[in-house]
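fold the following for me, if possible:
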Amino acid sequence: GRVMRIDVTAFLEPQEFRAPEPWLGQYRGRALDDDLGINRAIRPIAGGTLTARAANSAVRRVLAIDAIIRSAGGGQ
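The predicted structure follows:
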C-alpha cells in the first residue's frame, strides 16, 4: 500500500532527462491518495514536465493495482 522504491528499468531518452534519484525519493513511503501528484505532495522537476508526469502516473498505476490485488485477498 506504500511506495518502497522506484526502479527505472528502461529509459529511452538521453540520461540528462532522467529523473534524479533525490526527486524519485519523494515517493518513498507514500500511499495512493489525492495528494500524490505533481505540485501537491510531489515537487515538479524544472524542465522535466513529461518525465514528472510519466513517473507520477506510473506510481499511481502501480499503487492502484496493488490496492485491487489486496482487496481481492491476493496481497500480504
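
helices of the protein, start to end?
Remark: helices assigned in the chain by DSSP state H are 21-24, 49-71.

and Pro14, which of these is closest to it?
Pro14 lies closest to helix 49-71 among the helices of the chain, at 11.3 Å (CB to CB). Every C-beta, even on glycine, is put in place using the N, C-alpha and C of the backbone.

the helices of the chain into a markdown table, with extra columns for mean neighbour count?
Shown next, in a markdown table, are the helices of the chain (neighbours: other CB atoms under 10 Å):
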| stretch | mean neighbour count |
| --- | --- |
| helix 21-24 | 13 |
| helix 49-71 | 14 |
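
now the nearest residue to Asp34 once chain neighbours are set aside: phi and psi?
On the basis of CB to CB, 6 or more residues apart in numbering, the spatially nearest residue to Asp34 that is not a chain neighbour turns out to be Arg40, at 7.6 Å. Torsion angles at Arg40 (phi, psi; degrees, to the nearest 10) stand at phi -120, psi -110.

tell me which residue is most central in the protein.
Residue closest to the mean C-alpha point of the chain, counted by CA atoms, centre = their mean, is Val59 at 3.0 Å.

pLDDT weak spots in this protein?
74-76 (pLDDT under 70).

the closest residue to the residue nearest to the centre of the chain other than its chain neighbours: neighbouring residues, count only.
Among residues not flanking Val59 along the chain, Tyr27 sits closest, at 5.5 Å (CB to CB, 6+ apart). Neighbour count for Tyr27, taken as other CB atoms under 10 Å: 21.

what's the answer for the one 3 residues further on, then?
Applying the criterion other CB under 10 Å, we find 17 residues in the vicinity of Arg30.

so it makes contact with Leu36?
Yes - Arg30 is within contact range of Leu36, at 5.7 Å (criterion: CB atoms under 8 Å).

what's the overlap in contacts for these two?
Val59 (CB atoms under 8 Å, 6 or more residues apart in numbering).

got the contact list for the residue nearest to Arg2 when sequence neighbours are not counted?
Excluding its sequence neighbours, the residue lying closest to Arg2 (CB to CB, 6+ apart) is Ala31, at 5.1 Å. Neighbour list for Ala31: 1-3, 63 [criterion: CB under 8 Å, 6+ apart].
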